[in-house]
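Participant: model this:
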Amino acid sequence: MTTIGFIGSGHIGGTLARLAVDAGHDVVLSNSRGPETLAELVQRLGPHARAATPADAAAAGDIVVVTIPLKAYREVPVEPLRGTVVIDTNNYYSQRDGHIAELDDGSTTSSELLQAHLPDSRVVKAFNNIQYGHLGSLQRPAGSSDRSAIAVAGNDDAAKRSVVEFLDSIGYDAVDVGPLSEGWRYQPDTPAYGAPYVAPGTEFPGPGHQATAEALKERLDVAVRPSDA
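Facilitator: Numbering: from 1, shown residues only. Just a heads-up that it's a prediction; the model follows:
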């Protein structure tokens, strides 16, 4: 049984925690407001869930999900995440995060910023391009014809394999996009961001829609980096 730590327990974090518990994993949740504010979520998730501080959640997790506004990435604890596989779900929104020059000019990506902050961790970018309602409704058993895929990028192949195994356990296939530097292919304003999981003819978010690995890969392949558009 794998323990999944969460730094951030909002829409994406809470949804992933439910999927993880349903798949038989233990989860340790945290946020910036204190463990006591997560009591209701922990109660809903059941005995395989508990709340902690971010540092304790980081130390407890075999895999740790960082799902907080990008502007707070420097608050992610470094020491307890040494050697740990870290899933980064973050996106850059300048209206929320303030302007970050190296993201505005395309010289790096948001996940590479987190990797630089966590030099001894193994960061994998995933779950940033799917709306939480779709994430919580599109999971399917392995081998299902309508199983959706999630994009992953990372510099460490073993870390990506761990994340792919986690994805499989919660009901998703994976598309390996390559290193973190390729993570821009499914950041905001690209064809693979959000749209693959939206039912045709409906407005976002709308009902969830199957996005197979093949369909997702097609969108990733035609992406143009927003800074180059």
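Participant: Give me the nearest residue to residue 38, chain neighbours excluded.
Facilitator: residue 51 (3.9 Å; Cβ to Cβ, 6 or more residues apart in numbering). No exception for glycine: its C-beta is placed from N, CA and C like everyone else's.
Participant: which residues does the one you found contact?
Facilitator: Applying Cβ atoms under 8 Å, 6 or more residues apart in numbering, we find residue 51 in contact with 28-30, 35-36, 38-39, 41-42.
Participant: can you check residue 213 too?
Facilitator: Going by Cβ under 8 Å, 6+ apart, residue 213 touches 149, 173-175.
Participant: between these, which is closest to residue 122?
Facilitator: Checking the contacts of residue 213 against residue 122 with Cβ to Cβ, the nearest one is residue 174 at 15.8 Å.
Participant: Now do the same for that closest one: helix, strand or coil?
Facilitator: strand (DSSP: H, G, I helix; E, B strand; the rest coil).
Participant: Next one: it from residue 108, what distance?
Facilitator: The gap separating residue 174 from residue 108 is 23 Å, by Cβ to Cβ, to the nearest Å.
Participant: what does residue 97 give?
Facilitator: 14 Å.
Participant: Now residue 77. Its backbone dihedrals?
Facilitator: phi -60, psi 130 (degrees, to the nearest 10).
Participant: ok, it - contacts?
Facilitator: Residues in contact with residue 77, defined by Cβ under 8 Å, 6+ apart, are 7, 54-55, 58.
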